[in-house]
Structures are given as C-alpha cells and as structure tokens.
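Enquirer: My questions concern the predicted model and sequence given below.
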Amino acid sequence: MHAPDERLTAPVYAARQVRELDRLATERIGVASYELMARAGAAALRALLAHWPQAREVLVYCGGGNNGGDGYVLARLAKQHGLAVTVLAVVPPDRLKGDARRAHDDCAAATIAIERFVRHTHNEVARKPDAIVDALLGIGADRPLDGELAAAVGAINAASAPVLSLDVPSGLHADTGWPLGVAVRAAVTVTFVALKPGLYLGASCDYVGQIELADLELPPDLGRGFSPALVRLGLEDLARALPRRPRSAHKGTNGRLLIVGGGPSMPGAVRLASEAALRTGAGLVYVATHADSISAVRAGRAEVIAQAVDGPTDLEHLLASVDAAVLGPGLGRTPWARALWRRLLDTELPLIVDADALNLLAEAPRSGGRWILTPHPGEAARLLNSSIDEVERDRSASARALADRYGAITVLKGARTLIASPDPSVPTRVCGRGNPGMATAGMGDVLAGVLGALVVQTRDLDTSAGAGVLLHALAGDSAAAGAERGTVAADLMPHLRRWANPS
C-alpha cells in the first residue's frame with residue numbers, strides 16, 4: 001500500500017515565515033536572492049516536464065514581483081530545453097524591479113517573445129499551448145484581484161490547457177486558502193522553500209491540483225525554531241498508533257469501546273460506527289441504543305454486543321466495563337437522548353463527541369477534559385455561535401477556537417480535515433487525503449467509530465485523533481479509487497482493515 005504526497009514534508013509554514021526563510025538563506029548561508037529565483041524557475045520547469053512530457057508550446061503569464069521573475073526564468077530555461085515559449089507580461093516590464101527585472105531582461109536577451117497582456121484583446125485565445133504557467137502573484141496576494149490581474153486569471157481559467165502554478169495559485173490567499181475574488185485553478189502547484197497553509201485550507205482543494213514541493217536546495221534545519229502553522233499527517237502517524245500486535249494479544253488487550261446512540265428509527269449510524277470500530281481493531285464493541293433500534297443493530301453485525309437502554313441507569317454497568325465511549329451517532333434530541341447525553345458527559349472515560357451530541361453541547365456548552373469533538377462546519381458554526389461561512393473562511397482559527405472554548409481536541413471535518421489541540425503549543429494538524437466521494441451520509445459515523453477504536457487501543461487521544469482522521473481518509477480514497485460518485489460509507493469497511501495494519 002502507498003499514499004500520495006508522502007514525499008512532501010510535514011511542516012507547513014505561514015507566508016511571513018517563508019519570507020523569513022528566504023532572508024535567512026541569503027544572510028546565513030549566502031545564497032543570493034537571484035540564485036533562489038533561478039533555482040525556483042528550474043524546479044518549476046522540471047515539474048512542467050514531469051507532468052506534461054509531451055508539451056511543445058508553453059504560455060507563461062508573468063506578474064510584477066518575484067513570482068513573475070520565477071516565470072521569466074522558467075521561460076528562458078524552457079526555450080533552452082527546446083520548447084516554444086511565449087510570455088504574456090501582465091505587469092509592464094518598465095515597472096519591474098530588482099531580481100524580477102533582471103529575470104525579465106535575461107529572458108528578453110534569450111530572444112523569447114514577450115507580449116503585453118491587455119484586457120479584452122484575447123491575445124492568448126488564438127494560441128493552443130500545451131501547458132500554461134501561472135507566475136502572476138504567488139504568496140503576494142492579500143486583497144481582491146481587479147484590473148489586468150483579474151482578467152489574466154480569467155483568461156487562464158478559460159483556457160483548455162493544463163495549468164502549472166508557481167508557489168500558490170494566483171489569487172489564492174497563501175495563509176487562509178480563500179480566493180481573493182478570483183483565483184487560478186491549477187492542475188499542479190509547485191511551491192517553493194516550504195509548504196504554505198493556503199494550499200490546505202479554505203477552498204484550496206478546488207484550486208491547487210497536485211502539490212509539488214521544491215526546497216530550492218536549502219538545508220532542512222534553516223527554519224529551526226520556527227513553529228509551523230500546520231503539520232501534515234503522514235503514514236508515520238498510522239505506524240505510531242498501530243504497531244504490530246504481540247502474538248499474545250487478545251480481545252481484552254485490544255480495548256473495549258461503548259457507542260451510545262441510535263434513537264427511535266435511527267439505527268444506521270450506530271450500526272456503521274460499530275462496524276468501523278471493529279474493522280479498526282477494537283477488541284470488544286458495545287452499543288447502547290433505543291429499544292426501537294436494537295433489532296436492526298443486532299441484525300447488521302453479529303459481533304457487536306448491542307443492548308437496549310431506557311435511560312442513564314441502564315448504562316452504569318457498561319460504563320464500568322469499557323475503556324472509552326463514542327456519543328452521538330443517530331442519538332437525536334429527544335428527552336431519552338438528552339438524559340444519556342448528560343450521563344456520558346459526566347463520565348471520566350475518554351469520549352468522542354459526535355453528531356447530535358455536538359448539537360446538544362452547542363445548546364448547553366461545557367468544557368471537557370478527555371474529549372475529541374468531531375464537528376462538520378455546520379456543527380462547528382453552532383458550537384461557536386457563528387456562521388458556516390465564517391468557519392470556512394478561516395478553518396484553522398475556527399478549529400483552534402473550538403479547542404480553546406471546549407477544552408477538547410477538535411476534529412474539524414471537511415475537505416482537508418483539521419485537528420486542533422487545546423494546548424496552544426501543539427500545532428494544528430491537517431489531513432491532505434480524502435475525496436469528494438466521501439461527501440455522503442454515514443461517513444462521519446464511520447469516523448467516530450474509527451476514532452473510538454483507536455482510543456481504546458492507544459489510550460492516547462492526541463495520537464488517536466491524528467491517526468484516525470488519516471486512516472478514515474485513506475480508506476475513503478481506496479474505496480473511491482476510480483469512481484468517487486456513488487461511494488457509500490459501508491464501502492470503507494474492508495479498506496479500514498487494510499489501512500489499520502500499516503506494518
């Protein structure tokens with residue numbers, strides 16, 4: 001088994017930190033700024049040739065800063081490589097300064113056609129390039145695009161050729177991942193020096209395409225002492241949480257999990273969560289559910305120990321027998337649900353708080369200790385007395401706010417799920433896996449079961465949160481391989497088992 005993007009580094013640095021790394025490269029190790037630009041252009045050309053080896057004609061859109069300079073370098077090197085290259089200068093060359101002006105002049109000296117991009121002339125439409133390079137803005141965008149820049153982004157997006165963006169797709173905020181009015185939709189983004197949060201947050205998954213990292217030959221310890229804005233989850237997180245079991249293992253040593261939910265006529269959620277927990281390796285899985293749901297749960301998975309409960313007193317012997325609990329799948333908001341919710345929140349057990357348990361928490365906020373919260377953006381908005389739009393526009397800040405307010409590890413679900421700790425010294429983690437096929441009913445219930453299973457096996461909420469999110473996403477990618485639309489939550493079950501055995 002393998003996962004995409006394992007070649008990328010784990011730390012993700014804010015734009016201001018990357019600018020500082022550029023400065024340190026010059027001041028500490030003596031790499032001239034133009035040399036960095038030359039390395040960036042060369043790395044970008046390598047990416048272009050790797051992804052589109054048959055390309056013969058390339059159209060390069062160049063802006064006015066260092067990102068434009070990277071584009072001019074790429075154009076010059078591409079011609080040396082034998083490609084037919086045309087540059088569209090979106091910013092007039094006489095406004096260029098420093099390294100960008102030098103890169104332009106070197107490009108012009110190589111007799112490359114440099115044309116002025118002018119709105120409404122459509123001078124790019126008549127061409128049929130094999131690839132387009134976006135070298136307009138990079139990490140420099142911090143306000144809505146207008147004028148020629150916005151028009152150039154529109155022209156790039158309207159073209160039929162695949163797009164390579166340099167550093168960050170132009171118009172995408174480098175820290176939040178939110179489009180600044182308009183943004184380039186790239187097939188590939190080659191980012192320089194370090195990964196940026198905007199490649200993983202906000203709406204970035206609709207813009208960045210495949211991410212490549214070019215470190216520009218800078219030493220990996222250059223940013224020693226920097227606290228990353230995000231940390232990417234990787235296969236090592238799975239291996240750490242799920243080592244090979246000893247031959248002497250038995251169901252008791254593999255952990256006992258209780259799942260509480262399944263209100264009247266809602267057995268499906270606990271049914272999915274319980275099987276996911278078993279497939280992820282929990283030794284024993286108990287389900288406490290409403291009498292109306294008990295038959296469906298028992299019929300769905302014989303290995304689940306299901307019990308009908310009328311109220312909190314029926315939970316006591318179960319709570320005394322397990323190592324952790326999942327609260328919420330199919331719970332509802334009836335008096336029965338509220339009574340169970342109050343009892344579970346008072347337990348000292350590690351607790352995964354999901355679905356309607358989160359909605360009840362939003363109605364009556366309290367701070368937890370050993371909790372993992374698993375909100376989707378709508379639930380997060382209710383928990384923060386906010387709006388979905390506010391949550392999505394700064395997902396990192398939203399996840400951190402939830403962790404702070406509720407004193408719990410927070411898994412903010414969605415494209416590029418985030419995991420925030422109530423400990424401010426712990427960087428927020430991000431999952432780069434998952435796919436649109438997972439946007440369907442029951443996926444959150446499967447994740448809740450996965451998280452619960454990991455907690456009872458590892459006895460560590462932080463480790464379980466990271467590994468569980470990654471395991472769930474990898475299983476989703478395997479289940480949806482080649483056919484995302486129509487994937488259902490139960491399709492993940494065999495793949496959970498595969499990915500839960502990383503060694």
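Expert: Arrived safely.

Enquirer: pLDDT below threshold where in this protein?
Expert: 1-6, 120-126 (pLDDT under 70).

Enquirer: Give me the domain ranges for it.
Expert: What automatic domain parsing lists as the domains of the chain is 11-227, 235-499.

Enquirer: Could you dump those domains into CSV and include mean neighbour count?
Expert: To be clear about C-beta, it is placed using only N, CA and C from the backbone, and glycine gets the same treatment. Listed next are the domains of the chain as CSV, based on neighbours: other CB atoms under 10 Å:
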stretch, mean neighbour count
domain 11-227, 20
domain 235-499, 21
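
Enquirer: Could I get the full set of strands for the stretch 351-500 of the chain?
Expert: Per DSSP state E, counting those that start in this stretch, the stretch 351-500 of the chain carries strands over the ranges 351-353, 371-373, 409-412, 418-420, 428-430.

Enquirer: Distance to residue 17 added to those, as JSON lines?
Expert: Below are the strands of the stretch 351-500 of the chain laid out as JSON lines (distance: least, CB to CB, whole Å):
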{"stretch": "strand 351-353", "distance to residue 17": "33"}
{"stretch": "strand 371-373", "distance to residue 17": "28"}
{"stretch": "strand 409-412", "distance to residue 17": "22"}
{"stretch": "strand 418-420", "distance to residue 17": "19"}
{"stretch": "strand 428-430", "distance to residue 17": "15"}
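
Enquirer: Which among those strands is found nearest to residue 475?
Expert: strand 409-412 (15.7 Å; CB to CB).

Enquirer: For residue 134, which of the strands of the stretch 351-500 of the chain is the nearest?
Expert: Closest of the strands of the stretch 351-500 of the chain to residue 134 is strand 428-430, at 23.4 Å (criterion: CB to CB).

Enquirer: Neighbouring strands - and their directions - for that closest one?
Expert: Partners of strand 428-430 in the sheet, by DSSP bridges, are strand 230-232 (parallel), strand 418-420 (antiparallel).

Enquirer: what's the following helix or strand past the first one in contact with?
Expert: Under the assignment DSSP states H and E, the closest C-terminal helix or strand after strand 230-232 is helix 235-241. Residues from elsewhere that reach helix 235-241 (CB atoms under 8 Å, 6 or more residues apart in numbering): 3, 6, 454, 457-458, 460, 463-464, 466-468, 470-471, 474, 499, 502-503.

Enquirer: if we go to 10 Å?
Expert: Residues outside helix 235-241 that contact it (CB atoms under 10 Å, 6 or more residues apart in numbering): 1-3, 6, 10, 231, 429, 431, 454-455, 457-458, 460, 463-471, 474, 499-503.

Enquirer: Can you list phi and psi of residue 85 for me?
Expert: When read as degrees, to the nearest 10, the backbone of residue 85 gives phi -120, psi 140.

Enquirer: Report the contact partners of it.
Expert: Contacts of residue 85 were listed using CB under 10 Å, 6+ apart, and they are 57-60, 74-79, 107, 110, 112-114, 129, 133.

Enquirer: hang on, the earlier thing: out of the strands of the stretch 351-500 of the chain, which comes closest to residue 159?
Expert: strand 428-430 (30.4 Å).

Enquirer: Need the residues that contact that closest one.
Expert: Contacts of strand 428-430 (CB under 10 Å, 6+ apart): 10, 12, 195, 197, 199-201, 228-234, 237, 395-397, 399-400, 403, 410-412, 416-421, 462, 465-466, 469-470.

Enquirer: Go again with 6 Å.
Expert: For strand 428-430, contacts defined as CB atoms under 6 Å, 6 or more residues apart in numbering pick out 200, 230-233, 396, 399, 416, 418-420, 466.

Enquirer: do the same with stretch 345-362
Expert: With contact meaning CB under 6 Å, 6+ apart, stretch 345-362 is reached by 319, 324-329, 331-333, 341, 370-375, 379, 382-383, 448, 451-452, 455, 461.

Enquirer: Please apply the same query to stretch 432-447.
Expert: 5, 232, 269, 272-273, 276, 329, 472-474, 476-477, 480, 484, 487, 489, 492.

Enquirer: how about 7 Å then?
Expert: 3, 5, 200, 232, 268-269, 272-273, 276, 329, 354-355, 374, 376, 413, 415-417, 468, 470, 472-474, 476-477, 480, 484-485, 487-489, 492 (CB atoms under 7 Å, 6 or more residues apart in numbering).

Enquirer: how far does that stretch stretch from start to finish?
Expert: Start-to-end span of stretch 432-447 (CA to CA, to the nearest Å) is 16 Å.

Enquirer: Relative to residue 494, how far out is residue 457?
Expert: 19 Å (CB to CB, to the nearest Å).

Enquirer: what's the answer for residue 454, then?
Expert: In terms of CB to CB, residue 454 sits 18 Å off from residue 494.

Enquirer: Then residue 247?
Expert: For residue 247 relative to residue 494 (CB to CB), the value is 24 Å.

Enquirer: How about residue 203?
Expert: Counting by CB to CB, the gap from residue 203 to residue 494 is 32 Å.

Enquirer: Please apply the same query to residue 275.
Expert: 11 Å.

Enquirer: With residue 69 instead?
Expert: In terms of CB to CB, residue 69 sits 50 Å off from residue 494.

Enquirer: now swap in residue 133 and tell me
Expert: As judged by CB to CB, residue 133 and residue 494 stand 42 Å apart.

Enquirer: likewise residue 388?
Expert: To residue 494, residue 388 is 33 Å away according to CB to CB.

Enquirer: Quick one: the helices in the stretch 201-350 of the chain, in order.
Expert: Along the stretch 201-350 of the chain, counting by DSSP state H, counting those that start in this stretch, helices occupy 235-241, 268-279, 294-300, 316-319, 335-345.

Enquirer: any chance of the ones you listed in CSV, plus distance to residue 435?
Expert: As requested, those are arranged in CSV below (distance: least, CB to CB, whole Å):
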stretch, distance to residue 435
helix 235-241, 18
helix 268-279, 18
helix 294-300, 26
helix 316-319, 36
helix 335-345, 32
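
Enquirer: Spit out the contact partners of residue 280.
Expert: So residue 280 contacts 449-450, 453-454, 471, 496, 500 (CB under 7 Å, 6+ apart).

Enquirer: Cheers, nothing more for now.
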